[in-house]
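Undergrad: here's my sequence, what's the structure:
(2 chains)
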Amino acid sequence: AQSVTQLDSQVPVFEEAPVELRCNYSSSVSVYLFWYVQYPNQGLQLLLKYLSGSTLVKGINGFEAEFNKSQTSFHLRKPSVHISDTAEYFCAVSESWVTGGGNKLTFGTGTQLKVEL
Amino acid sequence: GAVVSQHPSWVICKSGTSVKIECRSLDFQATTMFWYRQFPKQSLMLMATSNEGSKATYEQGVEKDKFLINHASLTLSTLTVTSAHPEDSSFYICSARWLPQAGGTGELFFGEGSRLTVL
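TA: The predicted structure follows:
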């Protein structure tokens, strides 16, 4: 079984400042890692994912994340945030499809990013 | 990207009634769909995995007789909350797995969610 920890429930940041949202995971097998964004009363939108290959993954809206296997982390970063980035961000993990994970995602508790002027 | 649509987006019902929520993959076939439940300001909790043409697989602690899931076609899965009570009020989100015909690992696409309020 996997688990995901997002230590920061809320992250306030000023517009145009950089931001990092932390995510740590635990698993006994190889995993895939995801970051999703959720706007109020909406479903989830995939920001980026790590399946294999380069540990630095670039996603939509200028976000990127780096997979660090030794630290079991997958932190999300953006060098300059915008007001429109205000939303809830979820880190998620699944077993690799090779091992039969089948996209069954385990989500973290989420981090509310609030961008202020 | 692929589109997953849920209907209704909002539903209010009286206690004791049943409510059906639909999840459709609009431009792709999804052999597997997932149903999640999200409480206010909390994460998504997987309720069940819905496989086309077979019975759903429920997560531990989820009442299968309470939350009926039907995946009758490759583009439609339904979640029926039977005899709903106020504690069933929640945000229900479905996701569908898209597998490209040329192979690959596939990707999950999420619906917009359905907010259920039971009075």
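
Undergrad: what's the burial count for the residue nearest to A:Glu20 when sequence neighbours are not counted?
TA: Distance criterion CB to CB, 6 or more residues apart in numbering or on different chains; nearest residue to A:Glu20, sequence neighbours excluded, is A:Arg77 at 4.9 Å. Quick note: C-beta positions are derived from backbone N, CA and C, even for glycine. For A:Arg77, the tally of surrounding residues (other CB atoms under 10 Å in any protein chain shown) stands at 15.

Undergrad: need the contact list for A:Arg77.
TA: By CB atoms under 8 Å, 6 or more residues apart in numbering or on different chains, the contact list for A:Arg77 reads A:Pro18, A:Val19, A:Glu20, A:Leu21, A:Phe63, A:Glu64, A:Ala65, A:Glu66.

Undergrad: what's around the closest residue in space to the first one that isn't next to it in sequence, how many residues?
TA: Leaving aside its chain neighbours, A:Pro18 sits nearest to A:Pro79 (5.0 Å; criterion: CB to CB, 6+ apart). Counted with other CB under 10 Å, the neighbours of A:Pro79 add up to 11.

Undergrad: measure A:Pro79 to A:Glu66 for me?
TA: 13 Å (CB to CB, to the nearest Å).

Undergrad: quick one: B:Val118 from chain A, how far?
TA: B:Val118 is 17 Å from chain A, where distance means CB to the nearest CB, to the nearest Å.

Undergrad: return the residues in contact with the closest residue to that residue other than its chain neighbours.
TA: Distances taken as CB to CB, 6+ apart put B:Ala84 closest to B:Val118, at 4.5 Å, once the chain neighbours are dropped. By CB under 8 Å, 6+ apart, B:Ala84 lies in contact with B:Cys13, B:Ser15, B:Gly16, B:Thr17, B:Ser18, B:Val19, B:Leu116, B:Val118.

Undergrad: circling back: hang on, the residue nearest to A:Glu20 in a strand?
TA: Yes: applying DSSP: H, G, I helix; E, B strand; the rest coil, one finds A:Arg77 inside a strand.
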